[in-house]
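Asker: Sequence and predicted structure, then a few things I'm wondering about:
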Amino acid sequence: MSPANRRANQRITLVMLILVSLTLLTLDYHGEANKTITNIRNGFQSAISPIQRGIADALHPVGNFFAGAFNYGSLEAQNTALSRELGKADRQLYEQRAEENQIRQVQALDHIKFASNLASVDAPVISQPSSNFEYTLEIGVGTSQGVGVGMPVVGLRGYVGSVLSASSSTAVILLEQDIRTHIGVRFTQKSGGSELGVLNGQGDGRPLTALVNLPAPKKGSIVYTSGLYGELYPAGLPVGVVSKVSPASGQLQDNVTVTPLVNVDNLQFVRVLLWEPPA
Amino acid sequence: MGATGLMRTKNYLRLLAVAVLAVLVQQAVLNQIAVMNAHPDLLVLLAVCAGVVFGPVYGSMFAFALGLGADLLVNLPFGLSCLTFSISAFTASYFQKIPMHKSGVVNTGLLCVSAALLSTLFYAMIATLIGQHGMLTYQLLKVLVAVGVGGLILVWPSIHVLKWSIDNESLHRYEVPQGGSAV
């Protein structure tokens, strides 16, 4: 093949691949093939989930090691104490602690005080986000356990996220920090009254923010789902703590920053509330 | 089926095995090693390595296939990884102007890691252009660090696995001649 023909062949291949990619993007974007793509994704994730689950079980101690090493400052007391011991603890001891931690997390879910009237299913976290650009977790329950898209997911202390997609044996949770998250919440004001608002995920691991009508919410107060914003979530789920209140550009509202109650860095078990948003 | 046909079938099967294994390693192992919410990205690295090892045509086709696998793993626009991977593999192959055994292992590795970083940046930019918010943030810097560091560790094994996946004769056919381009 002559160099000119070779170059033409290369360019044609690239153009064809770009065109196919753009076609896929367009079909996904406009929704024509969205259902098919979702089904293929769910099937694919179901197919690889047994292997993924096996490896995740084997690697949880390793994951904990990294979490302990790199999130040292943000872990809770027991994890901090555990991190201090990491240097001297041998592998056997570490695995034992990891197992104990798992058991504690499962048992702790039984002590959740909110949403006790809703049916639920507990699930292990089997994978961290697949993309560096989305805040998701994959859990080891799916439609065969009654899990459906949109269902809220909670940890011991409060709201974690909602189900983004579900296959027969796994589901992907959209975490509350993801930029696609919008949660209708109720703030407690300094006066004792309450005000509604919509919390928005910021991505980048940052806290959630909202614009809230004056008077300002009380700093340190807990924010709960209102159950009113399109009724995407049941009312009364604790979401986070008001950590910062600053004036917005207008005079009638404040910028409110809310720190999530649940630290997802070392989350191993969650509870899916079998509550579906009304159609 | 002749000897050439058998060899080709063997190459395809090996390439398929490499792609499937890469997706599994990414999903089950590398995703769990997240530091500051960012993890190494084997798939993008393998895509650009394929461009360098196989040349622009076969490299970008293999990268496209890897992109399909990557798109099935995430809940982001379908086809975005295919687009960025194939363009990145094609571009990386053009920078590999001399055969790998002459350019040196280190240079080839660094080229692949740099191309993987640019591909990640490209992904974020295209995603932002089509309406995915929150891509061009401080998180992108953390992602680039994770992809870069992970890439430096994984690049040489990736190149070797790709070289293994096709027979020697095919490899020499794909290699880029001096002053020209492959295939």
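Answerer: Happy to help now that I have it.

Asker: remind me, longest strand of chain A?
Answerer: Using DSSP state E, we find that the single longest strand of chain A is strand A:238-247.

Asker: contacting residues around that one?
Answerer: A:114, A:157-159, A:176, A:183, A:185, A:187, A:199, A:207-208, A:216-225, A:254-261 (Cβ atoms under 8 Å, 6 or more residues apart in numbering or on different chains). The way it works is simple: take the backbone N, C-alpha and C, and place the C-beta from them, glycine included.

Asker: repeat that for 6 Å
Answerer: Residues from elsewhere that reach strand A:238-247 (Cβ atoms under 6 Å, 6 or more residues apart in numbering or on different chains): A:158-159, A:185, A:216-217, A:219, A:221-224, A:254-261.

Asker: Equivalent analysis for stretch A:155-163, please.
Answerer: Residues from elsewhere that reach stretch A:155-163 (Cβ under 6 Å, 6+ apart): A:108, A:149-154, A:171, A:173-176, A:237-239, A:261-262, A:270.

Asker: Can you get me the start-to-end distance on it?
Answerer: 14 Å (Cα to Cα, to the nearest Å).

Asker: picking that back up, could you confirm whether the next helix or strand after the longest strand of chain A reaches chain B?
Answerer: Downstream of strand A:238-247, the next assigned helix or strand under DSSP states H and E is strand A:253-260. No: shown here: strand A:253-260 not in contact with chain B (Cβ under 6 Å from any Cβ of the partner chain), separated by at least 13.3 Å.

Asker: Check chain B for the residue nearest chain A and tell me.
Answerer: Using Cβ to the nearest Cβ, residue B:79 is the residue of chain B that sits closest to chain A, at 3.0 Å.

Asker: The top helix by length along chain B packs against which elements?
Answerer: In chain B, with assignment by DSSP state H, the single longest helix is helix B:138-165. Packing contacts for helix B:138-165, counted by 3 or more Cβ pairs under 6 Å, 6 or more residues apart in numbering or on different chains; DSSP states H and E, involve helix B:3-28, helix B:42-54, helix B:105-129.

Asker: any idea which residue sits dead centre in the chain?
Answerer: Just so you know, I chose chain A. residue A:175 (1.9 Å; Cα atoms, centre = their mean).

Asker: nope, chain B
Answerer: residue B:47 (1.5 Å).

Asker: how about that one, what does it touch?
Answerer: By Cβ under 6 Å, 6+ apart, the contact list for residue B:47 reads B:63, B:66, B:85, B:89.

Asker: And the average pLDDT for the strand or helix carrying the last one is what?
Answerer: Take DSSP H and E as the rule and residue B:89 turns out to sit in helix B:80-95. The average pLDDT for helix B:80-95 rounds to 92.

Asker: picking up where we left off before, bridged to the residue nearest to the centre of chain A, which residues?
Answerer: On the basis of DSSP bridges, residue A:175 is bridged to residue A:161.

Asker: distance of it from residue A:199?
Answerer: As judged by Cβ to Cβ, to the nearest Å, residue A:175 and residue A:199 stand 13 Å apart.

Asker: Same check on residue A:5?
Answerer: For residue A:5 relative to residue A:199 (Cβ to Cβ), the value is 59 Å.

Asker: now the strands for the stretch 1-150 of chain A?
Answerer: A:120-127, A:136-139 (DSSP state E, counting those that start in this stretch).

Asker: Is the last one positioned near chain B?
Answerer: No: against chain B, strand A:136-139 shows no contacts by Cβ under 6 Å from any Cβ, the least distance being 6.6 Å.

Asker: and that strand, what does it pack onto?
Answerer: strand A:120-127, strand A:171-175.

Asker: just to revisit the earlier point, wait, the residue nearest to the centre of chain A sits on residue A:138?
Answerer: No: using Cβ atoms under 6 Å, residue A:175 is not in contact with residue A:138, being 11.4 Å away.

Asker: and chain B, which residues reach chain A?
Answerer: Proximity of chain B to chain A, by Cβ under 6 Å from any Cβ, involves residues B:24, B:27-28, B:31-35, B:37-38, B:56-57, B:60, B:64, B:72-79, B:82-83, B:86, B:90, B:133-135, B:137-139, B:143.

Asker: Drop anything exposed from those.
Answerer: For the residues of chain B next to chain A, a neighbour count by 16 or more other Cβ atoms under 10 Å in any protein chain shown gives the buried set as B:27-28, B:31-35, B:37-38, B:56-57, B:60, B:64, B:72-79, B:82-83, B:86, B:90, B:134-135, B:137, B:139, B:143.

Asker: picking up where we left off before, contacts for the helix holding residue B:89?
Answerer: Residues outside helix B:80-95 that contact it (Cβ under 6 Å, 6+ apart): A:14, A:17, A:21, B:47-48, B:50-52, B:55-56, B:59-60, B:63-64, B:66-68, B:70-71, B:111, B:115, B:119, B:122-123.

Asker: so where is the chain shaky, pLDDT-wise?
Answerer: Reading this off chain A. Applying pLDDT under 70 to chain A flags the ranges A:1, A:31-32, A:56-99, A:101-102, A:105-108, A:110-111, A:229-231, A:250-251, A:279.

Asker: ah, no, chain B please
Answerer: Residues of chain B meeting the criterion pLDDT under 70: B:1-7, B:97-103, B:168-183.

Asker: 50 instead?
Answerer: Where chain B drops to pLDDT under 50, the residues are B:176-183.

Asker: Let me know which of the helices and strands packed on helix B:138-165 is tucked in deepest.
Answerer: Of the helices and strands packed on helix B:138-165, the one with the most neighbours on average (mean count of other Cβ atoms under 10 Å in any protein chain shown) is helix B:42-54, at a mean of 31.

Asker: Tell me which helix or strand comes right after that helix.
Answerer: Using DSSP H and E, the helix or strand that follows helix B:42-54 in sequence is helix B:56-73.

Asker: Which strands or helices does that following helix pack on?
Answerer: Secondary elements touching helix B:56-73 (3+ Cβ pairs under 6 Å, 6+ apart): helix A:3-30, helix B:3-28, helix B:42-54, helix B:80-95.

Asker: Other residues contacting that helix?
Answerer: So helix B:56-73 is contacted by A:10, A:13-14, A:17, A:41, A:44, A:130, B:19, B:23, B:27, B:43, B:46-47, B:50-51, B:78, B:81-82, B:85-86, B:89-90, B:93, B:183 (Cβ under 6 Å, 6+ apart).

Asker: and it with strand A:171-175, angle?
Answerer: Relative orientation of helix B:56-73 and strand A:171-175, computed by axes from the mean of the first three to the mean of the last three Cα atoms, to 10 degrees: 80 degrees.

Asker: Spatially nearest residue to the residue of chain A found nearest chain B (excluding sequence neighbours)?
Answerer: Of all residues in chain A, residue A:24 sits closest to chain B, at 3.0 Å by Cβ to the nearest Cβ. In this structure, residue A:24 finds its nearest non-sequential neighbour in residue B:79, 3.0 Å apart by Cβ to Cβ, 6 or more residues apart in numbering or on different chains.
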